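Asks: have a look; sequence and predicted model below, questions after that.
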Amino acid sequence: MQTKSRLSREERLNRIAIAQEWMVELPHPHPVRLVLLVVLCSFAVGLLPIVYTLSTGKAIVTNPANASGEAGVWGVLGEKQ
């Protein structure tokens, strides 16, 4: 009878350990490497529009009214210039 209770106790402890396995702390990445990775990825993503524009050879033409600053912005609100 003692073996049966011992097995059930071990089994119970094993189930508790399996249930709490997600609580085990994982090793943290090196903070300097993490910062460098974020900076390099941000730089690479920032270069994507420039590389795309240079590779297609097409210039993006903007509307001169919008490119001249605030000209025409207040017309949306119905104000006269």
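Replies: In hand now; what should we look at?
Asks: from here on, just use CA atoms for contacts and neighbour counts.
Replies: Noted.
Asks: give the helix, strand or coil label for residue 40.
Replies: For residue 40, the assignment made with DSSP: H, G, I helix; E, B strand; the rest coil gives helix.
Asks: any idea how far it lies from residue 47?
Replies: The gap separating residue 40 from residue 47 is 11 Å, by CA to CA, to the nearest Å.
Asks: got the contact list for residue 27?
Replies: For residue 27, the contact set (CA atoms under 8 Å, 6 or more residues apart in numbering) is empty.
Asks: what about it, distance to residue 17?
Replies: 19 Å.
Asks: poorly predicted segments of the protein, please.
Replies: 1-6, 22-24, 26, 58-76, 78-81 (pLDDT under 70).
Asks: what ranges do the helices span in it?
Replies: 2-19, 31-56, 64-67 (DSSP state H).
Asks: for residue 77, which of these is the nearest?
Replies: Nearest of the helices of the chain to residue 77, taken as CA to CA: helix 64-67 at 15.6 Å.
Asks: fine by me, we can end here.
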